[in-house]
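> Sharing a sequence plus its predicted fold:
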Number of protein chains: 2
Amino acid sequence: MKRTALYYFFMVTALGLGIFFILRAGNQLPAPALQLSTQSSSQITPHLTGAGDYSFSAAVESSLRDNANDPLTRLFLQLFVVTSVSYLVGWIFTRFGQPAVVGEMMAGVLLGPSVFGLLAPAAFQFVFATSSLGALRLLSQIGVCLFMFTVGMEMDAAELRRKAHTAVVVSHASIIAPYFLGVLLALFLYGRLAQPGASFTGFALFMGISMSVTAFPVLLRILQDRAILRTSLGRTAAACAAVGDVTAWGVLAFVVAIARATSVGAVTLSLGLVLIFVALMLFVIKANLPSWIGQPALERPNPSKAVLAVVFGIVLASAVSTQLIGSRALFGAFLAGIVMPTAGGFRDKLVVRVENLSSVLLLPVFFAFSGLRTQIGLLNGAQDWLICLLIIAVATAGKLGGSALAARLTGMKWRESLQLGALMNTRGLMELIALNIGYDMGILSQRIFTMLVIMALVTTVMTGPLLTFFERKQRTPAA
Amino acid sequence: MKRTALYYFFMVTALGLGIFFILRAGNQLPAPALQLSTQSSSQITPHLTGAGDYSFSAAVESSLRDNANDPLTRLFLQLFVVTSVSYLVGWIFTRFGQPAVVGEMMAGVLLGPSVFGLLAPAAFQFVFATSSLGALRLLSQIGVCLFMFTVGMEMDAAELRRKAHTAVVVSHASIIAPYFLGVLLALFLYGRLAQPGASFTGFALFMGISMSVTAFPVLLRILQDRAILRTSLGRTAAACAAVGDVTAWGVLAFVVAIARATSVGAVTLSLGLVLIFVALMLFVIKANLPSWIGQPALERPNPSKAVLAVVFGIVLASAVSTQLIGSRALFGAFLAGIVMPTAGGFRDKLVVRVENLSSVLLLPVFFAFSGLRTQIGLLNGAQDWLICLLIIAVATAGKLGGSALAARLTGMKWRESLQLGALMNTRGLMELIALNIGYDMGILSQRIFTMLVIMALVTTVMTGPLLTFFERKQRTPAA
């Protein structure tokens, strides 16, 4: 013991001194060749430009500024601000009986130019400087892709088939009715609110989509929170929303293909490619994937790295393919989720490994990114706010009314039908995804984007209270 | 049933036709205002510039090119190429009894200019166009931070304290001996291989670091593969590597602070801040975090989103803080891992949620990014290759020799000491992290970077065979 301590002391001292003396000697060495290249030397000693009037505090300040401007620092700072605000606001909303996702959407708006940018412009510019948004945007898109992958995995084909009867009718009604109203509304709004250069077809199709989206994941969360997921109403609602989701994403992919293509030939080509790709995924990949991975690998409690590499490979390849054929990466990720094997609880194991990181770290980034595009200040005057109200009314009438009516026609009771309608009116995150696509494609102007974000927030917030309202009406006569 | 089908048919037909006619009518509408803004209209119809000589195939081609140039497509394509090659090469290496990580490091080199860029320059330029590397770089840094967070979580303070006696002596010997040799080597290499503008102190300190790093995670993997993790040798090796890791990252943080600062005052300030930050993390956060999160939350099998948000918040805040005080985000992430509560298997739950995504998707990106900087073509002539050999010899002599000697002095048998030395000589991923920091800071030139990458690969590949060699020697006399 003592001997060891002695050895240790001797070794550290001797070698430490050796290092010290070598450093002293080495600093007398001529500097490395190519010293003439001023570019690379200025790159290394950026603080020494004003060496003449050098001061300690100035050096500290400039070093701090440099550190803060490093892209990684900026990105981490953005992530920190976004996740903490998102979590806090989400928590506050759950105190008021709202699902956390509503608060997270709201956090995005609060972090955007509408609130943060208005109250503290300098801090806003510092955190979300325009030049630093590229990485944030890619991260938000990765987050949406991972999220859509998990949504796809939550689609259970077997369960859907059992519920197909009611589900297909109600969910298609709950899409086509608000779609029709949205297209009708477009006639009135096109001239004043479409992005200059957008065609009427593109604008109208996007207005239709934005009226008819249902947020399947938010719906599931509400059903869980109210403990009605296993009731008849809950099951029907979940099945309707699932069918509705698949349909809506199909329609959206179709709309994107139409709106992006520049000629009839290109539309046909793009749609044809999309169909071929979907068929390939559903009939070739989905059928063969379980045997490619192998039953034992599917059943292992911890999927091996090899299996995870295959899974991520499929997600990435599918996302890249959809991008290349003129659609959007998120459709590819969604499809990849749908084709994942269900055997051995494999999907659950993947969800645990993907969902936490994406929903805690990356989805808030997506909300924040949507919030950066939402500029409530753009709605000035009573007229804009009236239009916003009109949009909310039309969206609710089409979605709630359409699905309630269809549910009643398939034989459900009026009150259950209205509850189902209220559930289908939840737009949440899915709406934001669709809106961002429309904005990115230069179809929606920032003003209509803002109005539709407000509509998405209001209809999502509405769901809980409406549901309680219809529930009470149901109970009052029975009491 | 029949009535439902009828309703359905009627509804879809009527509303579908309605939508069709509205679209027809709407296309006669005047286009939205502000049509004059040519900038935004050209943004939307980029394919129509040459509308005169329009041809179908040209449109398809230009549309495909546009799709491929979208930053998201590019990033996903890069991720796909990187993860699949990394997985494949990793798999091939495991066939030869090497840990997969060696193959993954090799995959990075293969994807860089040394092989992929040499064999298929056009494809290389397409996939890894310089302008598209910003996002890949940030992702690789995020991957390293998440990885360091999990490494930090694998440090078990209680276990370390039990092994402290041997571990501290051996691991410090296995750092200071190669460190000394590295600094000595720097005397000889500074003039020809340092990045122009780098000081001798910075270069020598980095040469020292690159000689003395041990890859704790790779070591653990090797010990597991050989089923010697639970033997006395395995425990000692793991403890030595863990202590060595903490020491090496501490030294590296110190070196970074010295190399970045521009005056003695700034060095002192930066080091002081780093020390204050470390003390804050270890004594305030580590001590209080379990009570902040609460015992029940720590013991839940699935940590709530709130808890995960707190965890990621700490990782991000710690990473941002270390960046701001002039160190590197990855130290902050490592520290955040160290302060995570151990109770209730909490760390394991976090590791499952973070490690898969980071090790399958993001670490290969880091390897690829290192590979992009490794240009074997830069080593021309026998002299460069001799220097490279010399570096490998010095690294092995310092690391293997130093730790074996120290282990022998603390009372282990010669053969076990040599095996321990062989294990400590594994450099793997950790070496690449240190090298990239040195490169980013403008201290290592691309040539020495390449040589050190080769050294890291060779010493990591060596570990398995050397271990087997010393094992056999051990058995022969006994037989």
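Ah, there it is.
> What about A:Trp385, how many residues nearby?
The tally of other residues near A:Trp385 (other C-beta atoms under 10 Å in any protein chain shown) stands at 13. Placement of C-beta: from N, CA and C, glycine included.
> element containing it, please.
Using DSSP states H and E, A:Trp385 falls within helix A:381-396.
> So which elements touch that helix?
helix A:157-193, helix A:200-212, helix A:446-478 (3 or more C-beta pairs under 8 Å, 6 or more residues apart in numbering or on different chains; DSSP states H and E).
> can you give me how far the shortest one is from the chain middle?
Pointing back at helix A:200-212 there. 20 Å (C-alpha atoms, centre = their mean, to the nearest Å).
> Give me the mean pLDDT for the next helix or strand after it.
For helix A:200-212, the following helix or strand on the C-terminal side (DSSP H and E) is helix A:216-225. Helix A:216-225 comes out with an average pLDDT of 78.
> got the contact list for helix A:216-225?
By C-beta atoms under 8 Å, 6 or more residues apart in numbering or on different chains, the surrounding residues in contact with helix A:216-225 are A:99-101, A:147, A:151, A:154, A:229, A:234, A:237-238, A:241-242, A:244-245, A:423-424, A:426, A:428-430, A:460, A:463-464, A:467.
> 6 Å - rerun?
A:99, A:101, A:151, A:229, A:234, A:241, A:245, A:423, A:426, A:428 (C-beta atoms under 6 Å, 6 or more residues apart in numbering or on different chains).
> Stretch A:233-248 now?
A:155, A:160, A:163, A:166-168, A:170-171, A:174-175, A:213-214, A:216, A:219, A:223, A:228, A:416, A:420, A:423.
> about what we covered before: and the helix or strand following the helix holding A:Trp385, anywhere near chain B?
Toward the C-terminus, helix A:381-396 is succeeded by helix A:402-409 as the next helix or strand (DSSP H and E). Yes. Using C-beta under 6 Å from any C-beta of the partner chain, helix A:402-409 comes into contact with chain B via A:Leu409.
> after helix A:402-409, next one along is what?
Next helix or strand after helix A:402-409 toward the C-terminus (DSSP H and E): helix A:414-424.
> Find the nearest non-adjacent residue to A:Thr460, please.
Distance criterion C-beta to C-beta, 6 or more residues apart in numbering or on different chains; nearest residue to A:Thr460, sequence neighbours excluded, is A:Gly428 at 4.8 Å.
> Kindly report the same for A:Leu75.
Closest to A:Leu75 by C-beta to C-beta, 6+ apart is A:Ala135, at 5.2 Å.
> Tell me how many other residues crowd the residue nearest to A:Ala407 when sequence neighbours are not counted.
Distances taken as C-beta to C-beta, 6+ apart place A:Ser417 nearest to A:Ala407, at 3.8 Å, with adjacent residues excluded. Here the number of neighbours of A:Ser417 (other C-beta under 10 Å) works out to 23.
> Quickly note the distance from A:Ser417 to chain B.
14 Å (C-beta to the nearest C-beta, to the nearest Å).
> and if you look at A:Val274?
13 Å.
> just A:Thr396 next, same as before
17 Å.
> Between the contacts of helix A:216-225, which sits nearest A:Lys399?
Taking C-beta to C-beta as the measure, A:Lys399 lies nearest A:Thr426 of the contacts of helix A:216-225, at 9.0 Å.
> Just confirm that closest one contacts A:Thr460, I think it does.
Yes. At 5.4 Å, A:Thr426 counts as touching A:Thr460 under the criterion of C-beta atoms under 6 Å.
> returning to that earlier point: which strand or helix spans the residue nearest to A:Leu75?
Short version, using DSSP H and E: A:Ala135 is in helix A:133-154.
> Excluding chain neighbours, what is closest to A:Gly398?
Closest residue to A:Gly398 apart from its sequence neighbours, by C-beta to C-beta, 6+ apart: A:Pro178 at 2.8 Å.
> now A:Phe449
A:Tyr439 is the one closest to A:Phe449 (C-beta to C-beta, 6+ apart), at 5.0 Å.
> do the same with A:Cys145
Closest residue to A:Cys145 apart from its sequence neighbours, by C-beta to C-beta, 6+ apart: A:Ala333 at 4.0 Å.
> repeat for A:Ala257
Using C-beta to C-beta, 6+ apart and skipping the chain neighbours, the partner closest in space to A:Ala257 is A:Ser270 (4.2 Å).
> Can you list the buried residues in the helix or strand that neighbour falls within?
Per DSSP H and E, A:Ser270 falls inside helix A:264-279. By neighbour count with 16 or more other C-beta atoms under 10 Å in any protein chain shown, helix A:264-279 contains the buried residues A:266-267, A:269-271, A:273-274, A:277-278.
> so the next helix-or-strand element following it versus helix A:157-193, what angle?
Using DSSP H and E, the helix or strand that follows helix A:264-279 in sequence is helix A:286-293. Calculated by axes from the mean of the first three to the mean of the last three C-alpha atoms, to 10 degrees, helix A:286-293 forms an angle of 120 degrees with helix A:157-193.
> and helix A:286-293, does that touch chain B?
No. Contact of helix A:286-293 with chain B is not found when judged by C-beta under 6 Å from any C-beta; the minimum separation is 13.6 Å.
> Give me the residues contacting the helix or strand following that helix.
Later in the chain than helix A:286-293, the nearest helix or strand by DSSP H and E is helix A:295-299. When contacts are defined by C-beta under 6 Å, 6+ apart, helix A:295-299 is touched by residues A:307, A:341, A:343-344, A:346.
> Could you rerun that using 8 Å?
A:290, A:303-304, A:306-307, A:341, A:343-344, A:346.
> among the residues you listed, which ones are buried?
Buried members of the contacts of helix A:295-299, scored by 16+ other C-beta under 10 Å, are A:290, A:303, A:306-307, A:341, A:344, A:346.
> now these in JSON lines, with pLDDT and secondary structure?
As requested, the buried ones among the contacts of helix A:295-299 are exported to JSON lines (pLDDT from 0 to 100; DSSP: H, G, I helix; E, B strand; the rest coil):
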{"residue": "A:Pro290", "pLDDT": "89", "secondary structure": "helix"}
{"residue": "A:Pro303", "pLDDT": "84", "secondary structure": "coil"}
{"residue": "A:Ala306", "pLDDT": "82", "secondary structure": "helix"}
{"residue": "A:Val307", "pLDDT": "87", "secondary structure": "helix"}
{"residue": "A:Pro341", "pLDDT": "91", "secondary structure": "coil"}
{"residue": "A:Gly344", "pLDDT": "80", "secondary structure": "helix"}
{"residue": "A:Phe346", "pLDDT": "88", "secondary structure": "helix"}
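> Thanks a lot, see you next time.
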